[in-house]
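A.B. asks: Show me how the following folds:
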Amino acid sequence: MAVELNQLRYFLEVRARGSLTAAAKSLGVSQPTLSVAIQSLERDLHTTLLLRGRSGVKLTATGRSLAQDADELFAVISRAEARISGIEDQDAGRFVIGCHEPLGAYFLPSFLRALYEDYPRIEPALWNGPSAEVRDAVIARDVDFGIVVNPSPHPDLVLVELFADAIDFFVRAEHRTVKRDRRSRAQTKQEALERVRKGPLIHAGRVSESRELLQALERQGVLPARLLSCGDFELVKALTMSGVGVGVLPRRVAAYGHAGHLVRLHPELPHFPDKIYLVYRVDVHRTRAALRLKQSLIDHGKALASEFEPPGRA
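C.D. replies: Here you go, the predicted model:
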């Protein structure tokens, strides 16, 4: 059995008009065509839907049940059509934004606040994971737009550079070893290196850039006496702010929410430059809302690029 939508439309019009003749006229079809369609519907459903008489037609019990279900069906279709039309042509739709939590902690708050105010019908959802996983989730279509650090290119992706950052060595402000006096820069840098050697050096062990920065220290013969590995930058930041030791952190992560609390240990110590990108698929569905969201992400990233000053710059 395969009931067709046209059969249901014809049936509902007969119910509304009360006769096959009036329904056929309203539908713009011949009465025989309409009669055949109704008979076919009754045959497919193995029931009688209409009681025909001189004064018109009346619905049977099964006819009334079918009419109720058909009304609900067309209401669903109508809502779907309206929703699809809105997604294509209006600032409406649901989109998944992916990013690593420490990056999202300074990127997303002001962005989402403005998005909710300016485009209340755009519904963002968040997907959190390391940048490499966010990139892969965009490729897999689990994430619509990703904010990622140092992504590797992929033929299915568009990469839009937003702003720069760097992973550096930070201490709590009052623990900074670099003195602003008449001693030479080489001496003060040596003090900073001794501070790193003393440890503990706190780092996010799962982040490849942090590991590469530690390798750069080793190449200079600097081996911290104590290493403290954490799962993510947020814990590194909290421990560094409490004065536990020297933290390896992205400059923007060190700065957000606690301006002046953390400072770079020394400007001549190794650092690892980062670039933050917006990534999305080449074949992203370019609805009005998707394009609006994409541009809003780019604009917010560019604004961050122009307003940020690394903490504790010497």
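A.B. asks: following the lengthiest helix in the chain, which helix or strand comes up?
C.D. replies: Longest helix of the chain, by residue count under DSSP state H: helix 61-89. Toward the C-terminal end, the helix or strand that comes next after helix 61-89 (DSSP states H and E) is strand 93-99.
A.B. asks: Which residue is the nearest non-sequential neighbour of residue 289?
C.D. replies: residue 93 (4.1 Å; C-beta to C-beta, 6 or more residues apart in numbering). Just so you know, the C-beta spots here come from the backbone N, C-alpha and C atoms, and that holds for glycine as well.
A.B. asks: Bridge partners for the one you found, pull those for me.
C.D. replies: residue 122 (DSSP bridges).
A.B. asks: hang on, it packs against residue 286?
C.D. replies: No. Using C-beta atoms under 8 Å, residue 93 is not in contact with residue 286, being 11.6 Å away.
A.B. asks: Of the two, which one has the most company?
C.D. replies: residue 93 (22 against 10; other C-beta atoms under 10 Å).
A.B. asks: roughly how far apart are that one and residue 272?
C.D. replies: 37 Å (C-beta to C-beta, to the nearest Å).
A.B. asks: Could you list the low-pLDDT ranges of the stretch 151-300 of the chain?
C.D. replies: 175-187 (pLDDT under 70).
A.B. asks: show me where it has strands.
C.D. replies: 157-172, 201-204, 227-230, 246-250, 262-264, 272-281 (DSSP state E, counting those that start in this stretch).
A.B. asks: Give me the distance between the residue nearest to residue 289 and residue 44.
C.D. replies: 37 Å.
A.B. asks: try residue 59
C.D. replies: Remark: distance between residue 59 and residue 44 (C-beta to C-beta) = 17 Å.
A.B. asks: So which of the two has more stuff around it?
C.D. replies: residue 59 (17 against 13).
A.B. asks: any idea how far residue 70 is from the more buried one?
C.D. replies: Distance from residue 59 to residue 70, by C-beta to C-beta: 11 Å.
A.B. asks: now residue 229
C.D. replies: 64 Å.
A.B. asks: For those two, work out which one has more neighbours and name it.
C.D. replies: residue 70 (18 against 14).
A.B. asks: pretty sure the more buried one is touching residue 8, no?
C.D. replies: Yes. Counting by C-beta under 8 Å, residue 8 is a contact partner of residue 70 at 4.5 Å.
A.B. asks: neighbouring contacts of stretch 3-17?
C.D. replies: Stretch 3-17 is contacted by residues 20, 23, 26-27, 29, 34, 37-38, 40-41, 44-45, 49-50, 57, 59, 63, 66-67, 70-71, 73-74 when judged by C-beta atoms under 8 Å, 6 or more residues apart in numbering.
A.B. asks: Show me how far it is from its chain's centre.
C.D. replies: For stretch 3-17, the separation from the chain centroid amounts to 43 Å (computed by C-alpha atoms, centre = their mean, to the nearest Å).
A.B. asks: Output that stretch as CSV, nothing but the C-alphas.
C.D. replies: C-alpha atoms of stretch 3-17 as CSV (Å, rounded to 0.1, in the frame of the first residue of the first chain):
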residue,chain,number,x,y,z
VAL,A,3,-1.0,6.3,-0.2
GLU,A,4,0.0,9.4,-2.2
LEU,A,5,-0.2,13.0,-0.9
ASN,A,6,-2.4,14.0,-3.8
GLN,A,7,-5.0,11.4,-2.9
LEU,A,8,-5.1,12.8,0.7
ARG,A,9,-5.3,16.4,-0.6
TYR,A,10,-8.3,15.4,-2.8
PHE,A,11,-9.9,13.6,0.1
LEU,A,12,-9.6,16.6,2.4
GLU,A,13,-11.0,18.9,-0.3
VAL,A,14,-14.0,16.6,-0.6
ARG,A,15,-14.5,16.8,3.1
ALA,A,16,-14.2,20.5,3.1
ARG,A,17,-16.6,21.0,0.1
